[in-house]
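Asker: got a sequence here, can you build the structure:
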Amino acid sequence: MKAEMIRRGLFIGWWLIGVFSLMPSGAEGWWVKGHGLIAEAAASRLPEEMPRFFTSSGKALAHLAGDPDRWKNRETPFLSKSEYSEHFLDLEDLEEQDWPTDRFKYIELCQKLNKKPSQVGFIPYTIMDYHERLALAFADYRKDPENEAVRMKAIVYAGCLAHYTGDLCMPLHTTRDYDGRKSPNGKLTQKGIHAKIDGFPETHGFTAEEMARPLEAKKMDDLWKHVKSVFMESHGQVDRCYELDLAKAFDKPTAESREFIMKRCHAAAQFTLDMWYNAWLRSANLSSPY
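Answerer: Residues are numbered from 1 along each chain as shown. Model prediction:
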């Protein structure tokens, strides 16, 4: 269970560190700041057409981006147990089956494959859930722009969404090999890789300004397709993670390892920006639910 919690949860954006899961609940880990850097980078590149209350909320969004990891506190066992599998999806367990758009049909697929859904993970569905919550909050804002409660909920949903978009772009959140790989004799090798990658951006002084430089919001016609595409691109970097770790490039950073992690940060910030922006665009055409 301990190893599972390290993998399924204590990632955190960009990012550290599995060992903090053993600390008292009052301890603060600097890994939360990493998620905030990604959210702040995305917020700094929001288009001017989006509401001012939102584009000026970078600091609030940065704080809120850490909340989904705060929900994994051991002293809140009901919440932590339901939350931890929202942060990943182990692609190998799906045996090349396509993902349904419906979370419950996805659960049925996992069961058909004799997999426990909570161990396979749900992150693409979590991202879409928060994206749609945000779109609905923006729709309410369009109807009642002076309502402070409406503004508040949009910022909260967007901050939480930023956490999961950051997680998805960390390649080890897409694989069973989240913290080591088994050799032919069954021995786990390269254990500890997850924490090394998690902590790299903050350990080595990455900034929100650096992450934001290449970003530009893009309109997406098919968001579910986009989420899957970003997931698969991230999963495609798993081998590179292990190659760099084997070369000790995360222990003693090299130009290659720094460039690799910065590209993952760029990907996370771009993905966050796009999901926020498309929630705003989508909100213009949402009808009232009641």
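
Asker: from here on, just use CA atoms for contacts and neighbour counts.
Answerer: Fine.

Asker: any chance you could map the strands in the stretch 151-290 of the chain?
Answerer: Using DSSP state E, counting those that start in this stretch, the strands of the stretch 151-290 of the chain run over residues 181-182, 188-189.

Asker: given the first one, what are its sheet partners and their directions?
Answerer: Each strand that pairs with strand 181-182, with its direction, by DSSP bridges: strand 188-189 (antiparallel).

Asker: what sits up against the partner strand?
Answerer: 180, 181, 182, 183 (C-alpha atoms under 8 Å, 6 or more residues apart in numbering).

Asker: for stretch 47-60, same thing?
Answerer: So stretch 47-60 is contacted by 36, 39-40, 43-44, 46, 151, 154-155, 159, 217, 277, 280 (C-alpha under 8 Å, 6+ apart).

Asker: flag every buried residue along that stretch.
Answerer: 51, 54, 55, 58, 60 (16 or more other C-alpha atoms under 10 Å).

Asker: among those residues, name the ones in helices.
Answerer: 54, 55, 58, 60 (DSSP state H).

Asker: quick check: the farthest pair among those?
Answerer: Maximum pairwise distance in these, criterion C-alpha to C-alpha, is 10.7 Å, between 55 and 60.

Asker: quickly note the distance from residue 238 to residue 122.
Answerer: Going from residue 238 to residue 122 by C-alpha to C-alpha, to the nearest Å gives 19 Å.

Asker: okay, the two: which has more neighbours?
Answerer: Per other C-alpha atoms under 10 Å, whichever of residue 238 and residue 122 has more neighbours is residue 122, with 21 against 18.

Asker: contacts only, for that one.
Answerer: Counted by C-alpha under 8 Å, 6+ apart, residue 122 has contacts 85, 86, 87, 88, 89, 103.

Asker: those residues, buried ones only, as a PyMOL selection?
Answerer: In PyMOL, a selection of the buried entries from the contacts of residue 122 looks like this (16+ other C-alpha under 10 Å):
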select buried, resi 85+86+87+88+89
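
Asker: closest to residue 172 among the contacts of residue 122?
Answerer: Set against residue 172, the nearest of the contacts of residue 122 by C-alpha to C-alpha is residue 88 (8.5 Å).

Asker: was I right about residue 64 contacting residue 159?
Answerer: Yes: between residue 64 and residue 159 there is a contact under C-alpha atoms under 8 Å: 4.6 Å.

Asker: who has more neighbours out of these two?
Answerer: residue 159 (31 against 24).
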